[in-house]
Structures are given as structure tokens and as C-alpha cells.
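Engineer: A predicted structure for the sequence below; I have some questions about it.
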Amino acid sequence: MKSGELSFHHPPAFWAGCALLVGGVLSHLPMFLMGRHTGWQMVGMAMDGWMLTGMALIPLGLGLAFHGLMPRLGQMRHVLAGGKHLQFHLADSVALNREHWQVVAVLVVALTVDVMKPATTGFVIPGLTAEYGISTRSAGWLALVALMGTTVGSLLWGRLADVYGRRAAILLSALMFMGTAICGAMPAFGWNLAMCFLMGASAGGLLPITFTLMAEIIPTAHRGWLLVALGGIGTSAGYLAAAAAATWLEPLFSWRALWLLGLPTGALIIFLNRFIPESPRFLSAAGLPHQARAVLARFSGAVPVERDAVAATATALGARTVPSAPGRLLRGPHARIGAGLAMCGIGWGLVTFGFVLWLPVNLVRLGVDASAASALLAQSALLALPGIGVVVWLYHCWSTIKALVAFIALTALALAAFALIDLGGLRSVVATTLATAALLVSSGGVIAMLIPYAAEIYPAHVRGTGAGMIAASSKFGGILGAGLGVLGLFEHIALSALLIALAMAVSGLMLARHGVETRGRRLEDIQRALAIPAL
């Protein structure tokens, strides 16, 4: 770790905890290797002493490492009540340098690992159902439990990042990845569900914190496009990594190897920890100006000084606008924008984990041949890839809030088109193709901008909580989508399309009315704009 930054409370405790955790995971390998004589099947095996010992070591190691990660809290309790503020504009106005690109590269790796975990679920289910002898519907609980975990993780890790730091939250998530790798050695399906929930919690937590740290590190002129590009590249790389692992490892070691990959991929993030800085804005908000100044000097090339002028702005806004608790998210301008973003997130979850999930079946009902339906979805997904480039350009060069609202509106229109097709007004292969492509491109654009925008609009002391809340809303929408799919809503194409389109349209109107422009604006300037009521 570089000098001047927020250090671990007890580095020996952290590394000892990591060692215990790794040892706990490795102690599951003897039983896994026994499976080489049975085609790597472990179903029905009784847990041996090594495995039981390992299951005890993992939570012990996780707790010890968590204790070691925590900053010295005694130094972090004298802020937000009028202390001096640092000149963040020194780092906001510089060109991208080696330090910035280093952080971007490491966070791309972290996001790739994060996306890879839930993406692996789809490749695991076929082998899992065959080994455990369960139905596909029963195996669907795995995806549902994972979504529940990501929802809880987004909320929990967001708050942890605001209390203990962005860096600590990222590393804790990586440790959870490593510990839940034992999912690949579980002899019973119930244990897989429990571990999948914990794995989902770690994945759901890492996503919003990665964007939060990026927003607080990258210079203003490059913040927007890099945030959106990070999401697009990380998501694509994560799915490609999951597919590659399934192609290479599953034929050799069965589906279990895909879960066991959590150990080396999580360890990779821990190995790169020295390249992950703590956010200077978090350090300043936590009452650690000396450490914040050291990080700013690294990224700006200049030694920033404290100034009272900015502190005077905070005083003018009133003490009620700078509470340390997340209650600020529930009132004022942040609450109105947050409500619009949360509704958008729920709508996106319903589209992705509900409407699109049932789209192959529904395309056949709309008159598209079954084989042609699969090809149509594949072609539409390919069209969505260059769409991310358009999203990056619009977010960076046009307007952040207008670009988000435009893609929300396009999603609502694509859903409305499906309703018209189902009702017979536009039924044709061409119309169905256009509607499918428009839906995949627009919904992909929405999620690419949603969490980056959330990471820009909240103040430093609740930024992780706010971004986590919006990330959780998209996962909650996925849970709703999965539940409504079981109840049969998506068998009614027009009804389901119109209901989701209505939710998306309402969220778009809320954001068009209450959203603020963040393009080219410093994070502190955005907060001043939100704190001053519109005349």
C-alpha cells in the first residue's frame, strides 16, 4: 500500500484471515478430487473432516480479514460539521495520467470478475440438474436465490463503503468470492443454494462500489464516458470469461469447476489491492484530510491545500443537508431523483429477467419459427454491442440525464410496439425483428447509464449507499420478473409489455422533471445544484 493512504487497521490480521480463508477452501479439494473416479459427481457424499474443518475456517478467516481491513475508526469521527475542505478541483482538471489508467485497468478486472459470477449460473444449471436429479424449475431457484443475494449485497456493501471506505468494501467482496468458491464442492443442492446467495451478495456489492470509486477518482472531463465504458467493457468481458471457462473447464472437471474459479479470480483482486486507492473524497468526508491530500497529490501531481471557502458553502447549505446517516436519500431533491432511478431499475429488471427471458417462447407465439427466433435474438444482441458506443458518446458529448431519459423512452416504445404486434396491428417478421433489436439496444443502454449516473448525483458520505440502492432496485426488478414469470404474466405479451412500458415511462418523466445534468460538472458542483431549490 502506498504511503499516506488510509492503512489497514491490522495488516497481519488481514493477511492471516486471507490465509485461513484460502486454507478453508483448499480443504474441500480432497473430496472434490475423489470425484474424478465418478465423473466428478459428488452428490450424496458425506462431508469428511477436512471439509467440515474448512467450512469453519472460512467464516473465521473472513471475520479476521474484515477486522484487518477496517480503518482506524477513532480518526474518522470529526467531520461534516464545519471542518476544512480540500481543493478537489486540482485533481478534477488534470489530464488522464498513468495513475488513472492503472485504477481503470484494475477496476475493469474487478468488474469482469463480478459479472462473471452470476453469468456462470446459466452454464452451471444443465450439469447441476443432471447430477442432483432435479427439474429445471427446481434449478431455477438457484438464479432466484442469486438475485436475492445481489439485492441484499448492493444495499449492504453500499453502506459499508460509506462507513469503512470504498477500497475496504471492494476487497471484502473479493474475499467473499474466494470463500463461496466451495459451492463447487457441495454434495447437496441445498448447500449450493446457500452458497449461491452469499456469492450473489458479494457480486451485488462490488458493482456499485466500483462505479462509486471511479466517479470519485476520474477527472471531471473524462468521468462520464469512462464510467459508462467501464460498465460496457466489464459486462462484456465478464460474460465472455464465463463462456470461455465453461468451454474449457466444464468438459474436463464438470460444472463444479466453474464455481471453484471463485478462489483464483477473487485472489486476483486481492493481489491487485495495492493498485486500488481509497477515494480522496471519502477520506476527506471521514475526517482524514492528510490521507486525502496524499491521494490527491498522486493523481493531480500537485499538493492540495485546505481552504475555508468551500467549507463556507457547506455551512450556507445548512446542517440539515449534511447528515452522516443515509436519511438524506429519503428527502429533498435526492429522494425525487432516487425514486425515478429506482423505478427505472425495477423496470429494467422486469424487462431483462422477465420479458426478455420469456421472449424466445413469445416470439414463436408471434409467428416466428423457433430456430429463427434464436437467430433473431442472437442478431439483436450483436446489434446491442455497438449500441454501447452510442451510449458512451451521448452520455459524454450530449447530456447525461437526457441520454438516460431518451433510452428509457426508447425502451417504453419498444415494449409498446410488442403490445401492438401481439394485438394484431403490426404483426410481421420485420416489425418483430425491429422491436426485438430496439428493446435489447435500449435496455442495454439504460443499465449502462443507470448506476454511473447514480454514482454522480449523491454526496460523498452517502454515495455508496445511494448507488447500492439503485443497483438493488434493478435486482429487485429481476426478482419480481422471475416471480411474475412463474405466475404466467409474460404469457400475455400485450399486457406485460404495457405494464412495464408504463413503469418505464413514469420513471422517465420523473427523471426528466427532477434529474440534474452531470456532464462536465464537478461532483461538488452537482451537490450545490441539488442543495439549492429551483426558483
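Structural biologist: That came in fine, so what should we check first?

Engineer: next, count neighbours for residue 340.
Structural biologist: 24 (other C-beta atoms under 10 Å). (Each C-beta comes from the backbone N, C-alpha and C, glycine too.)

Engineer: chain neighbours aside, what residue packs nearest to it?
Structural biologist: Nearest non-adjacent residue to residue 340, counting by C-beta to C-beta, 6 or more residues apart in numbering: residue 510, 3.4 Å away.

Engineer: again with residue 20
Structural biologist: Spatial nearest neighbour of residue 20, excluding adjacent residues (C-beta to C-beta, 6+ apart): residue 61 at 3.1 Å.

Engineer: with just CA atoms, put the helix or strand harbouring the one you found into PDB.
Structural biologist: Here residue 61 sits within helix 49-69, counting by DSSP states H and E. Listed next in PDB are the C-alpha coordinates belonging to helix 49-69 (Å, rounded to 0.1, in the frame of the first residue of the first chain):
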ATOM      1  CA  GLY A  49     -13.400 -34.000   8.400                       C
ATOM      2  CA  TRP A  50     -11.300 -31.800   6.100                       C
ATOM      3  CA  MET A  51     -14.400 -30.300   4.500                       C
ATOM      4  CA  LEU A  52     -16.100 -29.600   7.900                       C
ATOM      5  CA  THR A  53     -12.900 -28.000   9.200                       C
ATOM      6  CA  GLY A  54     -12.700 -25.900   6.100                       C
ATOM      7  CA  MET A  55     -16.300 -24.700   6.400                       C
ATOM      8  CA  ALA A  56     -15.300 -23.500   9.900                       C
ATOM      9  CA  LEU A  57     -12.100 -21.800   8.800                       C
ATOM     10  CA  ILE A  58     -13.800 -19.700   6.100                       C
ATOM     11  CA  PRO A  59     -16.000 -17.600   8.300                       C
ATOM     12  CA  LEU A  60     -13.200 -17.300  10.800                       C
ATOM     13  CA  GLY A  61     -10.800 -16.100   8.200                       C
ATOM     14  CA  LEU A  62     -13.400 -13.800   6.700                       C
ATOM     15  CA  GLY A  63     -14.000 -12.200  10.100                       C
ATOM     16  CA  LEU A  64     -10.300 -11.800  10.800                       C
ATOM     17  CA  ALA A  65      -9.600 -10.300   7.400                       C
ATOM     18  CA  PHE A  66     -12.600  -7.900   7.800                       C
ATOM     19  CA  HIS A  67     -11.200  -6.700  11.200                       C
ATOM     20  CA  GLY A  68      -7.800  -6.200   9.500                       C
ATOM     21  CA  LEU A  69      -9.400  -4.200   6.600                       C
END
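
Engineer: which residue ranges form the helices in the stretch 251-400 of the chain?
Structural biologist: For the stretch 251-400 of the chain, helices defined by DSSP state H, counting those that start in this stretch occupy the ranges 256-260, 262-271, 280-285, 289-300, 308-317, 332-350, 359-365, 370-397, 400-422.

Engineer: and the stretch 51-200 of the chain, by the same measure?
Structural biologist: Taking DSSP H, counting those that start in this stretch as the criterion, the stretch 51-200 of the chain contains helices spanning 89-92, 98-132, 136-164, 166-179, 189-217.
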